[in-house]
Every structure is written in C-alpha cells, then in structure tokens.
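Undergrad: Quick one: sequence and predicted model below, then my questions.
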Amino acid sequence: GVSLTTSWIALVAVDPVVGTESAVAVVVLSVTISLLLVTLGSILVFLV
C-alpha cells in the first residue's frame, strides 16, 4: 500500500541500486503469486 510505496521511494533515494533490486524482486514475487493463483483457480475450475 502507501507505506510500501513510501519506504520503496525512501530506499531508492538512499541507495538506487538496492531500491531497484528490491523493486525488481517485488515485481517478480507479485507476478509469481499471480501465476500461482491463476493456476490454482484453473485447477479448481477443472476439478469442479
């Protein structure tokens, strides 16, 4: 939410490299979780 965005902006301001790496990690995690949820949803739909 807002706090995450604020802390990320602070990270980038303090250390651009660390901020960028953490941003990439967050994006990768989000995409991975989304794919997992979609996969689980598809499996549930097929089972039902």
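TA: Right, received. Where do you want to start? Quick caveat, the model's predicted, so the values are computed rather than measured. Residues are numbered from 1 along each chain as shown.
Undergrad: Check what pLDDT the residue nearest to the spatial centre of the chain gets.
TA: Per C-alpha atoms, centre = their mean, the C-alpha nearest to the average position across the chain is that of residue 30, at 2.9 Å. For residue 30, the pLDDT comes out at 91.
Undergrad: roughly how far apart are it and residue 23?
TA: Distance, residue 30 to residue 23, by C-beta to C-beta, to the nearest Å: 11 Å. All C-beta atoms are positioned from the backbone trio N, CA, C, and that covers glycine.
Undergrad: Counting by contacts, list what whichever strand or helix holds the residue nearest to the centre of the chain packs against.
TA: Using DSSP states H and E, residue 30 sits in helix 16-47. Contact partners of helix 16-47 among helices and strands, from 3 or more C-beta pairs under 8 Å, 6 or more residues apart in numbering; DSSP states H and E: helix 2-14.
Undergrad: just checking, what packs against the helix it packs on?
TA: Helices and strands touching helix 2-14, by 3+ C-beta pairs under 8 Å, 6+ apart, are helix 16-47.
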